[in-house]
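Engineer: using only what follows, build the 3D model:
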Amino acid sequence: MSLQNTRAAYGWAAIALHWISAVAVIVLYLLGEQLEEAEGRAAKLAAMANHVSVGMLLLTFLAARLLWSAAQPHPRPLEQNRVLRFVAMAVQGLFLGMIAVQIVTGPLVIWARARAIDVFGLVTITSPFTQPVPWLHDAAETAHKVAPNLLWPLLALHVLGALKHAVIDRDPTLRRMLWAQR
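Structural biologist: Below is the predicted model:
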């Protein structure tokens, strides 16, 4: 059981970063929903603080995941029908695209109002804008609200694909992402 990836399997670091990121994306979605449903200024501000702080934490894990992935070999792809391989790559690409849109637009929503981002009251990230940029704020806010609509359908396709590999194909695809192999 290795920390690092091999051409046959993912290592513990890649697996841990994948699952931490997956849980954080779902938590962020739910925090975003909580923000939309919050009533009263105090509740909205508290929900926003949680959403923003967890978002910045996720950004840290995703950066670590990307850097780790770039420095590691990737396990060889398993044999699969070309159409299904294309669908799997498309789902993964759309997932990553949705997350990228969220990561870029989330901070822009705040910064475009010339405000700093507060992360759990521990770190403040200053806005690159000295004055509000209303058109940027509106565009970022719209994109930030629309992109998560892809989350649940993409997650369902991702899970169905993993279950197909485990139950129908009986190949090690799912096992490779659940625990490190020797």
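Engineer: counting neighbours, what do you get for residue 62?
Structural biologist: For residue 62, the neighbour count with other Cβ atoms under 10 Å is 19. In short, each C-beta sits where N, CA and C put it, glycine included.
Engineer: distance of it from residue 15?
Structural biologist: With distances taken as Cβ to Cβ, to the nearest Å, residue 62 is found 15 Å from residue 15.
Engineer: can you pull the phi/psi pair for residue 24?
Structural biologist: Note on residue 24: backbone dihedrals following degrees, to the nearest 10 are phi -60, psi -40.
Engineer: quickly find the element holding the closest residue to it other than its chain neighbours.
Structural biologist: Using Cβ to Cβ, 6 or more residues apart in numbering and skipping the chain neighbours, the partner closest in space to residue 24 is residue 58 (4.2 Å). Taking DSSP states H and E as the criterion, the element that holds residue 58 is helix 41-71.
Engineer: quick one: buried residues of that helix?
Structural biologist: Buried residues in helix 41-71, counted by 16 or more other Cβ atoms under 10 Å: 47-59, 61-62, 65, 68.
Engineer: ok, now how distant is the residue nearest to residue 24 from residue 20?
Structural biologist: For residue 58, the distance to residue 20 - Cβ to Cβ - is 9 Å.
Engineer: now for residue 32, how many residues are close by?
Structural biologist: For residue 32, using other Cβ under 10 Å, the count is 21.
Engineer: nope, residue 111 is what I meant
Structural biologist: Other residues near residue 111 number 21, with proximity taken as other Cβ under 10 Å.
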